[in-house]
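A.B. asks: 3D model of this:
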Amino acid sequence: MMITSTTRALYDLHSPGMRTVIDAYRRARGWSWPPAYPIAQFPNPPLIIGLVALALRYPAAGTWADVLGAIGYVFVGVWAYLELTAGVNLFRRVLGAAGIAYVVFAIAERVGA
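C.D. replies: Residues are numbered from 1 along each chain as shown. Modelled structure (predicted):
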């Protein structure tokens, strides 16, 4: 496989294009509302990955749907655990507990318990 300068630029975190994307992501991660008691925040990576995997599960079929569902539930569970243990306020910790409850009930429903 031949690596071109364009391909290399995509993976170079110090290129101007990637710096713009990284800076925009960092600005978005700093957003919260209301600032004094954050209820809404930009989603962190485990939640983004989990929601994308769960959304892609619906058009998928067979084994792929099961794999995407498992990935989605694992990452939503990681996000919920992080919110429960390190949430910035009581609301975020309760949201984490609700997320863990959702994952447990969703998995129980999938396995038929």
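A.B. asks: what residues does the strand or helix carrying Ala101 touch?
C.D. replies: Element membership for Ala101 (DSSP states H and E) is helix 90-111. Defining contact as CB atoms under 8 Å, 6 or more residues apart in numbering, one finds that helix 90-111 is touched by 37-39, 69, 73, 76-77, 79-85, 87. All C-beta atoms are positioned from the backbone trio N, CA, C, and that covers glycine.
A.B. asks: Can you turn the buried part of those residues into a PyMOL selection?
C.D. replies: Burial among the contacts of helix 90-111 is assessed by 16 or more other CB atoms under 10 Å; the matching PyMOL selection reads:
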select buried, resi 69+73+76+77+79+80+81+82+83+84+87
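A.B. asks: Closest to Gly112 out of the contacts of helix 90-111?
C.D. replies: For the contacts of helix 90-111, the minimum distance to Gly112 (CB to CB) is 14.2 Å, reached by Gly69.
A.B. asks: For the closest one, which residues are in contact?
C.D. replies: Taking CB under 8 Å, 6+ apart, we find Gly69 in contact with Ala53, Leu54, Arg57, Arg110.
A.B. asks: That one and Ser32, how far apart?
C.D. replies: 30 Å (CB to CB, to the nearest Å).
A.B. asks: Could you do Phe91 as well?
C.D. replies: 11 Å.
A.B. asks: for Arg92, same thing?
C.D. replies: Arg92 is 10 Å from Ser32, by CB to CB.
A.B. asks: Can you check which residues contact both of these two?
C.D. replies: Common neighbours of Arg92 and Ser32, counting by CB under 8 Å, 6+ apart, are Pro38.
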